[in-house]
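Novice: pasting the sequence and the predicted coordinates here, then a few questions.
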Amino acid sequence: MQELNQTDSTQFNKSNNLPSQVDTSSHYQITHNPTTQQMDKLHQLRAEVFCRELAWVGSPEDKREYDNFDNTTTHLGLFVRGQATGYLRIHHHNSPWMINTIFNQLLPDGAPTPQEANACEVSRLLIESSHRGKTKVNNYPPIHLLLSYLQNYCSSKNIRYVYMVVTPATRVVFAKIGFKSTPLYQAVKMKDGCYAMAAILDFDQIDTLIPSKDAPKIEPLFFTG
């Protein structure tokens, strides 16, 4: 993997209007400013999914999964009774994007997407295996909570467009819960045999996923790169 310019990530973790975390008693907590201990749990969860379950990166022996993008992204973590349950990270417009570097083969002619101030990239989206499917947290599947918090976070930052690298099946799952996206190019078969595609979603075309007072405006397999 190519080396990326390193910048202080703290500048991306400060939201103007959104609390850094939503804590509903001891049941679940969701935050875009995880503590050092929470971040360690999230890195361990990433290793469990991406290094062992999917074998997309690293090796099965890795205890934690991280890369150079971690230093310039905002980390969203969902914790259920203190356990890392869901995760995604946000690449802001002034930080490196995976879609324009590692996955540029998924773009038409490899041309980079415009990194405008009202856009971001989401990567490493996952839900811990035992919480996929019919599991619900506060009456919602964990993926709903995570994406709804993302929606609220982006609204607080005036971010309208979200770019992602997803599998075609993932895109279908997202669409079923109202998280519809538009493909930028056809799906491409990766080295591991998995098909992936670049897609963009427009929050102006998406309703609030969880219109609830006690949740921020913010299960099948649904991972992103």
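Specialist: Sure, I can see it. What you are looking at is a predicted structure, and each value in this text was computed from that prediction instead of being measured. Numbering: from 1, shown residues only.
Novice: Gly193 - that's part of a helix, no?
Specialist: No: applying DSSP: H, G, I helix; E, B strand; the rest coil, one finds Gly193 to be coil, outside a helix.
Novice: burial of Leu147, as a residue count?
Specialist: When neighbours are counted by other CB atoms under 10 Å, Leu147 registers 27. Quick note: C-beta positions are derived from backbone N, CA and C, even for glycine.
Novice: which strands or helices does the lengthiest helix in the chain pack on?
Specialist: For the chain, the helix reaching the highest residue count under DSSP state H is reported as helix 142-156. In terms of contacts (3 or more CB pairs under 8 Å, 6 or more residues apart in numbering; DSSP states H and E), helix 142-156 is packed against strand 28-31, strand 73-80, strand 83-91, strand 119-127.
Novice: just the helices in this protein please.
Specialist: 36-46, 142-156, 168-176.
Novice: so, low pLDDT: which residues of this protein?
Specialist: 1-26, 208-225 (pLDDT under 70).
Novice: most distant residue from the centre of it?
Specialist: In the chain, counting by CA atoms, centre = their mean, Asp109 sits farthest out from the average C-alpha position, at 25.4 Å.
Novice: ok, that one to Lys189 distance?
Specialist: Between Asp109 and Lys189 the computed distance is 18 Å (CB to CB, to the nearest Å).
Novice: go through the helices of the chain and pick out the most buried.
Specialist: Mean neighbour count (mean count of other CB atoms under 10 Å) peaks for helix 142-156 among the helices of the chain, with a mean of 23.
Novice: and that helix with strand 73-80, angle?
Specialist: 140 degrees (axes from the mean of the first three to the mean of the last three CA atoms, to 10 degrees).
Novice: how about helix 142-156 as CSV, C-alpha atoms only?
Specialist: C-alpha atoms of helix 142-156 as CSV (Å, rounded to 0.1, in the frame of the first residue of the first chain):
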residue,chain,number,x,y,z
PRO,A,142,-27.5,-2.0,14.4
ILE,A,143,-27.0,-1.0,10.8
HIS,A,144,-29.9,1.4,11.0
LEU,A,145,-28.4,3.1,14.1
LEU,A,146,-25.0,3.4,12.5
LEU,A,147,-26.3,4.8,9.2
SER,A,148,-28.7,7.1,10.9
TYR,A,149,-25.9,8.6,13.0
LEU,A,150,-23.8,9.0,9.8
GLN,A,151,-26.7,10.8,8.2
ASN,A,152,-27.0,13.2,11.2
TYR,A,153,-23.2,13.7,11.3
CYS,A,154,-23.1,14.6,7.6
SER,A,155,-26.0,17.0,8.0
SER,A,156,-24.1,18.8,10.8
